[in-house]
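Chemist: I would like the atomic coordinates for the input below:
(2 chains)
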Protein chains: 2
Amino acid sequence: MSEVHESRRNRLRERCHAAGSAAALISRPANVRYLAGAAPNGAVLLLGGREDLLVCPGPLDERPSEGRPDDALRVHSLSHAGGDPAVAAADLLVARGGDCLAVEEHHLTVSRHRGIRSVAPRLRLADLGGAVEQARVVKDEEEISCLRIGAEIADQALGELLESILVGRTERHLALELERRLVDHGADGPAFPTSVGTGPNSGRRGHRPTDRRVEEGDFLSVCLGAAYRGYRCEIGRTFVIGTSPADWQIELYDLVFAAQRAGREALAPGVACRDVDRAARQVLGSAGHCEGLPALVGHGVGLEIEEEPQLTPAAMGKLDACVPVTVEPGVHLPGRGGVRIDDTLVVRPEADGGPELLTITTKELLAL
Amino acid sequence: MSEVHESRRNRLRERCHAAGSAAALISRPANVRYLAGAAPNGAVLLLGGREDLLVCPGPLDERPSEGRPDDALRVHSLSHAGGDPAVAAADLLVARGGDCLAVEEHHLTVSRHRGIRSVAPRLRLADLGGAVEQARVVKDEEEISCLRIGAEIADQALGELLESILVGRTERHLALELERRLVDHGADGPAFPTSVGTGPNSGRRGHRPTDRRVEEGDFLSVCLGAAYRGYRCEIGRTFVIGTSPADWQIELYDLVFAAQRAGREALAPGVACRDVDRAARQVLGSAGHCEGLPALVGHGVGLEIEEEPQLTPAAMGKLDACVPVTVEPGVHLPGRGGVRIDDTLVVRPEADGGPELLTITTKELLAL
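Modeler: Got it, this is the predicted structure:
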C-alpha cells in the first residue's frame, strides 16, 4: 500500500506547487489517513517540497491508531507533551527554509492558526481548501473492495438479526446486538452509531436508540454500517412487526421504495448531484409529502461516513464513475413513525452495468 | 434542570460583560450541552445581551441529540440546508444591534471565523478562550451524582466480565461484551471506546482491541467507562490470567499500585495538579521506569472524558473541591506487556473524608 499513499501525496504536492505553495499541512484525520496510511491520534502531515513528515504529539506506539503509517514516510514525535504538532510542523518547515504553507482552514482552529503565526511570523499561510477531500471522492478498486467487504458484513449482521425474535426487545439492545455482529463478522467496528427506531421513532434519520421496546404492529427501521480497514458503508431498512402491515404502512413503504429506486436509477457518471436528489424527492413530493422531507437524499462514503458528494437540492457538481454514495430517502410522520431505505452504491457507467449495489439485503417489505 | 442551565448562562454572561463583550458564541458541543441542556448535532448557542438562542442547522426533531434543550431557551432552526449556524447567529446578532461577539477560537475553524467576518464585517470578534471549560471544572452535586451512577455501572459491567471464562476470547470480543453490559445496566453508552489489552498489549493507554486471544499467563488490562446523562467516568484494572502470576508480574503490579495510591492520596483541594502527577511519577521513576512513562497521570472527567484539569508534569493550577479526576499511572514494557490502574475520584476536603472514590472494583491483583 505504501506506493498508493506516496502517489497520493505526490499528486497533492503537484497541485500545491501549481497553486503557488511549496508545502501543505494536513490536519483533518481522515485526510491524514488517506495520504499517510494511518492517522495516529493528534498527528498532522507536513507535505514538504523534498520530504514528507508525519508529526505526532508523542511516541508513535503510544498513539491509538488504526493502520500503520506507510514506510516511505518519516515520523517525527514531539518530546514535549502538550505541544501542538501543527505548530511544530510549521517550525520545522521554517527551519528548512520554507516560506509558504497551505493549511486546511476548514479544519484548523483559529487558535492553532494563531499558534502557527506566532512561531513562524514570516511564513505565508494559504488555504489548502478541500483539496484532499476532493481527491478522496473517486475511489480506486482497492478502496471500493474495502467498502464492498464492509457492506457484506453489514448485510450479514442485519440478516442474522432478522432471524431472531424482535418483539419486546429495546432499540438500544437491538443496536448493540447489531454492533456485536458487525465485529463478529470482521468489521473494525461500527461505521457510525447504529440507529434502531421502533413505532413513532421509526424512519427518523440518525435516531438514537432509546429504551422503547418493539411492539406488534410497529414499523422498525434500522440503519447500520461496518468500518472495514477504515472504509465506512451504510445500509438502512424498514420492517413491519407482526403478520399483516396496515394499509398506511404499505402505502408509505411503497412510496419510499419508489423514491429510493428513482434515486438509485438516477446514478450515473456525469449526472448532476442535485438531479439524483430531485429524482427521489419528486416521488415523495408528488404524494404530498413536501413537509418534513429529509435535507439530503444521499452522500458520499469512504474514510468518513459522510463525505463529498452531497446529494441535496443545492448541491453543485456531477457524479463520476467509482464514486460510492448512499441513497437514503425517508418519510417520518410525527407520532406515527415512518420509513427509510438506505443503500450504498458505487456509480458505474452504463457499459459496466450501471450503479453497483453494495448492500444487497432485500428491500421487500418484510413482516417479521 | 432548566434553572441550572439558565444560571450557568447568566454567570457566563456576567463574565463576558466584565471582559467587554456583550455576546458570546458557543460552538464546542460539550460547552453547548453544559449551557443549554442539550447539543443537537451542529447547533451553536448565542449568548445575547437580552435573550439566548440555540441555533440549529435544521428542525430540532431531526437533529440527533442527547437530552433536551432547556425550556427557557429559544430555538432557531435554519431553513436553508447547508448553512452554518455560527454564521447565522452572527447575522442575527448584528440585526439586533450587537457590535461585539466572543467566539471559541480553540474550537471554531479558520473558515467559519472568516464566514462570520464576511456576513458581519463590522462585528468585533473577540476570543472567549476556555471560559466555559473553566466553568465546567468544578461540578455540582447533580453532576457528581451522574458520574457516581456511571461509575457504578462500569463497576458492575467489569465485575460480571470477571466471572466469565476469559481464556481464548479476543480483545475485541471482551471489549464488545463490556460495552453491551454497560448499556444493560443503564448507561447511555460507553464513555469512550473500551480498551482491552492482553499479553504484550496489556498496560498500553488507549490500546485498541485486536483479535489477539487471552492466553494463560497473560496480563489482561481493561479500561472502560459509562456515559450517564452525558457524564463520563473511567475505570481501568489489570488482571493476570492463570493460577500464579510470575514474579515480574507481581513486582510490576505492586509498583503501579503504589504509584496509583500515591497519586490518589495526593488529591486534595489546593494541591497543585503537577504535584499529583509527581507523587505517582516518583514511585515509578524510583524503580527505574523513567523511560516510556505516561504523558499524564490523570485528567478531569465530566461531559467529556478528557477535560480540565490535566495531571501532568507541566500542568499549571491547583485542584479544587468537587473536581472529578482520574488517577491512572501505568507501565508498559515493550514486548512483554504491562499494568495500568485507573480510578475516577472526586476531590474532597479532608474534613469531608478526603477524595471520594467512585470506581470501587478491587485493586488487588486478581488471578483469573
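Chemist: mind listing what the residue most central in space within chain A touches?
Modeler: By C-alpha atoms, centre = their mean, chain A has its centre lying nearest to A:Ile305, at 1.5 Å. Shown in contact with A:Ile305 (C-beta atoms under 8 Å, 6 or more residues apart in numbering or on different chains): A:191-192, A:225, A:232, A:234. The way it works is simple: take the backbone N, C-alpha and C, and place the C-beta from them, glycine included.
Chemist: and these, which of them are in helices?
Modeler: Of these, none are assigned to helices by DSSP state H.
Chemist: what's the closest of those residues to chain B?
Modeler: Nearest to chain B among those is A:Phe192, at 10.2 Å by C-beta to the nearest C-beta.
Chemist: Tell me which residues touch that closest one, please.
Modeler: A:Phe192 makes contacts with A:225, A:232, A:234, A:305, as judged by C-beta under 8 Å, 6+ apart.
Chemist: Which one (most neighbours) among those residues?
Modeler: Neighbour counts for the contacts of A:Phe192 peak at A:Gly225, which has 31 neighbours (criterion: other C-beta atoms under 10 Å in any protein chain shown).
Chemist: I'd guessed it sits against A:Pro193; true?
Modeler: No. Using C-beta atoms under 8 Å, A:Gly225 is not in contact with A:Pro193; the gap is 10.0 Å.
Chemist: Break chain A down into its domains, please.
Modeler: Here the domain parsing of chain A from automatic domain parsing is A:2-135, A:138-357.
Chemist: mean pLDDT lowest for which of those?
Modeler: In terms of mean pLDDT, the lowest-scoring of the domains of chain A is domain A:2-135 (a mean of 89).
Chemist: now do the same end-to-end measure for that one.
Modeler: With C-alpha to C-alpha, to the nearest Å as the measure, the first residue of domain A:2-135 is 17 Å from its last.
Chemist: Off-centre distance for that domain?
Modeler: Relative to its chain's centre, domain A:2-135 lies at 22 Å (C-alpha atoms, centre = their mean, to the nearest Å).
Chemist: picking that back up, what is the nearest of the contacts of A:Ile305 to A:Leu35?
Modeler: Ranked by distance to A:Leu35 (C-beta to C-beta), those are led by A:Arg232 at 17.8 Å.
Chemist: Quick check: the closest one vs A:Gly302, distance?
Modeler: Look at A:Arg232 and A:Gly302: by C-beta to C-beta, to the nearest Å, they are 7 Å apart.
Chemist: Between the two, which contacts overlap?
Modeler: Shared contacts of A:Arg232 and A:Gly302, counting by C-beta under 8 Å, 6+ apart, come down to A:Leu147.
Chemist: on that earlier part again, looking at the contacts of A:Phe192, which are in strands?
Modeler: Within the contacts of A:Phe192, residues falling in strands by DSSP state E are A:Arg232.
Chemist: what's around the residue of the stretch 251-368 of chain A found nearest chain B, how many residues?
Modeler: Going by C-beta to the nearest C-beta, chain B is nearest to A:Ala295 of the stretch 251-368 of chain A, at 4.3 Å. The local packing of A:Ala295 (other C-beta under 10 Å) involves 18 other residues.
Chemist: Also A:Glu163?
Modeler: When neighbours are defined as other C-beta under 10 Å, A:Glu163 has 8 of them.
Chemist: And for the one 3 residues further on?
Modeler: Residues contacting A:Leu166 under the criterion other C-beta under 10 Å number 19.
Chemist: So which elements touch the lengthiest helix in chain A?
Modeler: As assigned by DSSP H, the longest helix anywhere in chain A is helix A:141-162. If you count contacts as 3 or more C-beta pairs under 8 Å, 6 or more residues apart in numbering or on different chains; DSSP states H and E, helix A:141-162 packs onto helix A:171-184, strand A:219-224, strand A:226-228, strand A:231-232, strand A:235-240, strand A:343-346.
Chemist: Redo the ones you listed as a markdown table? Include distance to B:Leu365.
Modeler: Shown next, in a markdown table, are these (distance: least, C-beta to C-beta, whole Å):
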| stretch | distance to B:Leu365 |
| --- | --- |
| helix A:171-184 | 29 |
| strand A:219-224 | 39 |
| strand A:226-228 | 35 |
| strand A:231-232 | 40 |
| strand A:235-240 | 45 |
| strand A:343-346 | 47 |
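Chemist: so which of these comes closest to chain B?
Modeler: helix A:171-184 (5.0 Å).
Chemist: which residues sit in contact with A:Gly288?
Modeler: No contacts exist for A:Gly288 under C-beta under 8 Å, 6+ apart.
Chemist: mind checking which helix or strand it is in?
Modeler: Using DSSP states H and E, A:Gly288 sits in no helix or strand.
Chemist: Now do the helices for chain A: every range, in order, please.
Modeler: Remark: helices assigned in chain A by DSSP H are A:2-18, A:29-36, A:85-95, A:110-119, A:131-137, A:141-162, A:171-184, A:247-266, A:273-286.
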